[in-house]
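1. Got a sequence here, can you model it:
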Amino acid sequence: AFMCLGRAQEALKEFKTAEAEAPVVARGDARAWLGEMYLWRGDYVKALRLLDEAASLGGRYAYCWRGAAKIKLGRPREALADLDRATEIRSWDVEALIWKGEANRLIGHHAGALKDLSAAIRFSQNPWAFFNRALVLARLKNYEGMRRDFRRIPHIIVAYIKAKRGLGARRELSVGEMRDVLESGLQLA
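-> Below is the predicted model of the structure:
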């Protein structure tokens, strides 16, 4: 809550308290949540260091977020091992499935990306799964599928990105403009 309110120092203090007071078996997960906070903040190097520590302490949540940090650091192939581990631990982990789908998309493994993102969508209507799957479908020249997924992204998110990109709020977008909105959305996220 402190993090979302922009009170990062208070959030850090709470994370440190939680980790110090956690039973030994939960310290890895506490460290993983701290690592995720740095991931949210865009400090991917620090997040990766903390998530490495969390994994070594047995933190089950570390694998998803460590994979995400590796993707953000431009290492999607490396990220896949962590994301595979995250989905072995919890096959229904929507966040891990989305990150895994994104890693597969980035390396051009379209079949794997579609499998992971479709699984994430079965569990949840998370817009980031639609962003990624629409981009995979565009790469495969399945523009109708891309448009279908694009329409499933909440309007408020699309409107925000369109405004940021200087695109008209009401007009229909071309395939290239849709792709631009999708890629921009993932960058902004």
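
2. Keeping just the C-alphas, turn the helix or strand containing Arg66 into PDB.
-> In this structure, Arg66 sits in helix 62-72 according to DSSP states H and E. Coordinates of each C-alpha in helix 62-72 appear next as PDB, following Å, rounded to 0.1, in the frame of the first residue of the first chain:
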ATOM      1  CA  ALA A  62      11.200 -15.400  -6.700                       C
ATOM      2  CA  TYR A  63      11.200 -17.400  -9.900                       C
ATOM      3  CA  CYS A  64       8.400 -15.400 -11.600                       C
ATOM      4  CA  TRP A  65       9.800 -12.000 -10.700                       C
ATOM      5  CA  ARG A  66      13.400 -13.000 -11.400                       C
ATOM      6  CA  GLY A  67      12.300 -14.100 -14.900                       C
ATOM      7  CA  ALA A  68      10.500 -10.700 -15.300                       C
ATOM      8  CA  ALA A  69      13.700  -8.900 -14.200                       C
ATOM      9  CA  LYS A  70      15.700 -10.800 -16.700                       C
ATOM     10  CA  ILE A  71      13.200 -10.000 -19.500                       C
ATOM     11  CA  LYS A  72      13.400  -6.300 -18.600                       C
END
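
3. Need the residues that contact it.
-> 28-29, 31-32, 35-36, 39, 42, 44, 47-48, 51-52, 54-55, 76, 78-83, 85-86, 89, 93, 95-96, 99-100, 102-103, 106 (CB atoms under 8 Å, 6 or more residues apart in numbering). (C-beta placed from N, C-alpha, C; glycine too.)

4. Show me the strands in the chain, by range?
-> Per DSSP state E, the chain has no strands. Nothing in it meets that criterion.

5. The protein: helices as residue ranges?
-> Using DSSP state H, the helices of the chain run over 8-21, 27-41, 44-56, 62-72, 76-89, 94-106, 110-123, 127-139, 143-151, 155-165, 175-188.

6. Show me which residues of stretch 181-189 are buried.
-> Val181, Leu182, Ser184, Gly185 (16 or more other CB atoms under 10 Å).
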